[in-house]
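In: Provided below are the primary sequence and the corresponding predicted coordinates.
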Protein chains: 2
Amino acid sequence: MSDVARLAGVSIKTVSRVVNDEPAVHPDTAERVMAAIEQLGFRRNLGARNLRRGSTTGTIGLIVEDVGNPFYSELNRAVERIATSFGRQVLTGSSEENSDRERELVLEFCARRVDGILVVPAGLQHGYLVPEMRAGTPVVFIDRPAGDIVADTVLVDNLGGTIEAVTHLARHGHRRIAFLGDSPDIFTAAERLRGFREGCVRNGISYDESLVSMRTPTPEYIGDAVQRLLEGPDAATAVIAGNNRVAVHLLRALAHAERRPAMVSFDDFELADLLDPPVTVVAHDVSALGHAAAELLFSRVQGDQSPPRKVVLPVHLVARGSGEVAP
Amino acid sequence: MSDVARLAGVSIKTVSRVVNDEPAVHPDTAERVMAAIEQLGFRRNLGARNLRRGSTTGTIGLIVEDVGNPFYSELNRAVERIATSFGRQVLTGSSEENSDRERELVLEFCARRVDGILVVPAGLQHGYLVPEMRAGTPVVFIDRPAGDIVADTVLVDNLGGTIEAVTHLARHGHRRIAFLGDSPDIFTAAERLRGFREGCVRNGISYDESLVSMRTPTPEYIGDAVQRLLEGPDAATAVIAGNNRVAVHLLRALAHAERRPAMVSFDDFELADLLDPPVTVVAHDVSALGHAAAELLFSRVQGDQSPPRKVVLPVHLVARGSGEVAP
DNA sequence: GGTCACTATGACAACGTTGTCTCCACCCGG
DNA sequence: CCGGGTGGAGACAACGTTGTCATAGTGACC
């Protein structure tokens, strides 16, 4: 900036005035300054500006499990859209379902003085966030609640959705329904399992633990589970996939199976409607999730001090075929 | 920081020493300072630190068409992985295939003094980048080259891949092959069309313009194209989808068609192997694309001044079924 | 006991901006 | 001709850090 000032023959303050469109600069002076800026390729340093003005940095942080997972990338997109409408930019990070990494990312974002943080938490302990939140960094939890603090949270109706899935299958005659979930440490996985139990109860199906498998989904694990649960005289006739990752692995494992069970997936995914049979899913609006969370975050950024809110978004079953086959 | 200093009864410089793990601080003093930091929830302001040290900000910018598109989110993930290994964080933005938005994002990233920028360019004019690059912000173009400047670029072999697709279909007896591409303003779309022509020539197929359609893919446009190209006496017996978006819309349009043409998609996509028939694709390693681009960027960040490089990554045809049906 | 090396600490300036205050020149009305 | 208002511009401090240099204290050695 001082280079620009020297070249234009003015003080740096005048350059500052020009780049900030402040009035009270003579048009001729402004033009000289602009020319100097152009010539030198000057670009104002936003970091210094924010420091001096004590203003916000114009950034928010978003932490998900994996930005490459279509579910989270859709979330990312929705968040970005709102952030842009508020003139903010988005720092993203993948926690890889690792609570240490989550913590590291959050604290680094705080050190960068982001205006707020959206997080799909990996861990269950969020005490480390208390000083940051007290210091004025709003945090909104997405898809899973905070572990041991009260904070703004936006969830989907995991319980209701899974109950609906069980009911749907029961209505089509299934009594032996398997549930393949993710690691029970994950809130949504545990909650959906709870919904599965509750669904069994409500439909007069005896809950059979041997039909349940809860692990981080890998092709191997899902393949084994399929073998175990879907073969033999007492095999399950239907299966619920606890999330989109499980569903994809499950579909691959079932591709060459002789008998295909009825299937419902929690989470919709691209091309589910084009498979054979098309996959019945419990769908929820991921964009709406990101949208709601980001809107909530920005209301906090703008000073909303009301008590922490908990928003639960609805889900709905989309019957496409795979869930409507008879036992 | 001065609050911490006051509470611990030391100077701010000593606090600085403690948070930077500098030696020559008495253990007792350090402990007092740490306690004060803990009590006040102090977190060092990275912006101020970077300003003072004149060091890099520890961030890079990534601009793609749409962070929600699985193709770009996989790229995002690969970039993030490299960035993390270099201790950097990633600012992301979606250009929405709009060159003004691209420019806006780039310039804002520059104002934030990112250490480097990775961009899938939307526009064809990048003169605006010259001052920024001269000022020391390295830029690497991904998937598409820069419009009117020379710069580091990482591409995939669009030409070769499409030639291979045509050859594959020709080898299975197809002579009337349709090509459904994206808008010809997009480099990859134009290049793949060029590959299509070249592939026709090499396989002794007369290039028939009426079998080509180049537009931004929407369900309507693809549906119309399917009607036009795949029906009637002179219909195409095979079709090449110019990218993953086109492929998805095409599959949906074909789902209820009576005669299904042979099909090859440029770009692999999730579940392509589970469709009926499984979709033959020209696959390329999106992670490798992000990886190579990020590695190149960081070599520039670390001072590599060699002439701009152009990297072209190989593609390979994955025969799964849809491309092997006879006319 | 004086010099020396070394440890632990602080004062101060500077990074690139911008807010505040001040200053000067000019114009207007009386 | 003077007082007051206004438009245009600069000097200076401050944002929260850290690099540089200075200083005071402590042993150790000859």
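Out: It's in.
In: relative to residue A:295, how far out is residue A:247?
Out: 29 Å (Cβ to Cβ, to the nearest Å). C-betas here are computed from N, CA, C, even on glycine.
In: please identify which of the two sits among more neighbours.
Out: residue A:247 (28 against 16; other Cβ atoms under 10 Å in any protein chain shown).
In: mind listing what the more buried one touches?
Out: A:241, A:263, A:265-267, A:269, A:272, A:279, A:281 (Cβ atoms under 8 Å, 6 or more residues apart in numbering or on different chains).
In: please save the CA atoms from stretch A:180-192 in PDB.
Out: Provided in PDB are the C-alpha atoms of stretch A:180-192 (Å, rounded to 0.1, in the frame of the first residue of the first chain):
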ATOM      1  CA  LEU A 180     -27.000 -53.500   8.900                       C
ATOM      2  CA  GLY A 181     -25.700 -50.400  10.600                       C
ATOM      3  CA  ASP A 182     -22.600 -48.400  11.000                       C
ATOM      4  CA  SER A 183     -20.500 -48.400  14.100                       C
ATOM      5  CA  PRO A 184     -22.700 -47.900  17.200                       C
ATOM      6  CA  ASP A 185     -20.500 -45.100  18.400                       C
ATOM      7  CA  ILE A 186     -22.000 -42.900  15.700                       C
ATOM      8  CA  PHE A 187     -25.100 -41.200  17.000                       C
ATOM      9  CA  THR A 188     -27.100 -41.700  13.800                       C
ATOM     10  CA  ALA A 189     -26.300 -45.400  13.700                       C
ATOM     11  CA  ALA A 190     -27.300 -45.900  17.300                       C
ATOM     12  CA  GLU A 191     -30.400 -43.900  16.800                       C
ATOM     13  CA  ARG A 192     -31.500 -45.800  13.800                       C
END
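In: which residues outside it are in contact with it?
Out: Applying Cβ under 8 Å, 6+ apart, the external contacts of stretch A:180-192 come out as A:97, A:124, A:143-145, A:156, A:158-159, A:161-162, A:179, A:193, A:196, A:212-217, A:222, A:225, A:229, A:239-243, A:245-246, A:250, A:266.
In: and for stretch A:10-27?
Out: By Cβ under 8 Å, 6+ apart, the residues outside stretch A:10-27 that reach it are A:1-2, A:4-5, A:8, A:29-30, A:32-34, A:36-37, A:44.
In: next: stretch A:149-160.
Out: The contact list for stretch A:149-160 (Cβ under 8 Å, 6+ apart) reads A:126-127, A:129-130, A:133, A:138-146, A:188, A:191-192, A:194-195, A:198, A:266, A:284, A:289, A:292-293, A:296-297, A:300, A:308-315.
In: chain A: strands as residue ranges?
Out: Using DSSP state E, the strands of chain A run over A:59-64, A:89-94, A:117-119, A:139-142, A:152-156, A:177-181, A:212-214, A:238-241, A:262-266, A:280-283, A:310-313, A:316-318.
In: report the rounded mean pLDDT for the last one.
Out: Just to be clear, that refers to strand A:316-318. Averaged over strand A:316-318, pLDDT sits at 98.
In: packing partners for that strand?
Out: Strand A:316-318 is packed against helix A:158-171, strand A:280-283, with contacts defined by 3 or more Cβ pairs under 8 Å, 6 or more residues apart in numbering or on different chains; DSSP states H and E.
In: pull the contacting residues for the residue lying closest to residue A:271 once chain neighbours are set aside.
Out: Spatial nearest neighbour of residue A:271, chain neighbours left out: residue B:271 (4.8 Å); criterion: Cβ to Cβ, 6 or more residues apart in numbering or on different chains. Counting by Cβ under 8 Å, 6+ apart, residue B:271 makes contact with A:248, A:251, A:269-271, A:275.
In: what does residue A:321 give?
Out: A:277-280.
In: check residue A:217 too.
Out: By Cβ under 8 Å, 6+ apart, the contact set of residue A:217 is A:180, A:182, A:243, A:245-246, A:249.
In: ok, and for stretch A:208-225, which residues are buried?
Out: By neighbour count on 16 or more other Cβ atoms under 10 Å in any protein chain shown, the buried set for stretch A:208-225 is A:211-215, A:217, A:221-222, A:225.
In: and of these, the nearest to residue A:120?
Out: Proximity to residue A:120 was ranked across these by Cβ to Cβ; first place goes to residue A:217, at 16.8 Å.
In: list phi and psi for that closest one.
Out: Reported as degrees, to the nearest 10, the phi and psi values for residue A:217 are phi -70, psi 120.
In: now do the residue in the stretch 151-300 of chain A positioned nearest to DNA strand D, the pLDDT please.
Out: In the stretch 151-300 of chain A, the residue that lies nearest DNA strand D is residue A:300 (20.6 Å; Cβ to the nearest atom of the strand). You'll see residue A:300 listed with a pLDDT of 97.
In: chain neighbours aside, what residue packs nearest to it?
Out: Counting by Cβ to Cβ, 6+ apart, the residue nearest residue A:300 is residue A:138, at 3.5 Å.
In: which residues touch that neighbour?
Out: Applying Cβ under 8 Å, 6+ apart, one finds that residue A:138 lies in contact with A:115-117, A:152, A:297, A:300-301.
In: can you add distance to residue B:90 and neighbour count and give those residues back as TSV?
Out: Shown next, in TSV, are the contacts of residue A:138 (distance: Cβ to Cβ, whole Å; neighbours: other Cβ atoms under 10 Å in any protein chain shown):
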residue	distance to residue B:90	neighbour count
A:115	17	22
A:116	18	24
A:117	15	23
A:152	25	25
A:297	19	28
A:300	24	21
A:301	21	18
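In: among these, which lie within helices?
Out: A:297, A:300-301 (DSSP state H).
In: looking at the stretch 101-250 of chain A, which residue is nearest DNA strand C?
Out: Closest point on the stretch 101-250 of chain A to DNA strand C, by Cβ to the nearest atom of the strand, is residue A:113, at 13.7 Å.
In: which residues touch the closest residue to that residue other than its chain neighbours?
Out: The shortest distance from residue A:113 to any non-neighbouring residue, by Cβ to Cβ, 6+ apart, is to residue A:57 (5.0 Å). Residues near residue A:57 by Cβ under 8 Å, 6+ apart: A:46, A:50, A:112-115, B:47.
In: now residue A:252
Out: Contacts for residue A:252 (Cβ under 8 Å, 6+ apart) come out as A:219, A:222, B:273-274.
In: what about the closest residue to DNA strand C within the stretch 151-300 of chain A, how many residues close to it?
Out: Nearest residue of the stretch 151-300 of chain A to DNA strand C: residue A:298, at 22.0 Å (Cβ to the nearest atom of the strand). Residues within reach of residue A:298, counting by other Cβ under 10 Å, total 20.
In: who's in contact with the closest residue to DNA strand C within chain A?
Out: Residue nearest to DNA strand C within chain A: residue A:1 (2.9 Å; Cβ to the nearest atom of the strand). Contact analysis of residue A:1 by Cβ under 8 Å, 6+ apart lists A:12, A:15-16, A:42, A:44.
In: quick one: which of those residues is nearest DNA strand D?
Out: Nearest to DNA strand D among the contacts of residue A:1, with distances taken as Cβ to the nearest atom of the strand, is residue A:12, at 6.9 Å.
In: mind checking pLDDT for the residue nearest to the closest one when sequence neighbours are not counted?
Out: Leaving aside its sequence neighbours, residue A:12 sits nearest to residue A:5 (Cβ to Cβ, 6+ apart; 4.4 Å). On the pLDDT scale, residue A:5 is placed at 93.
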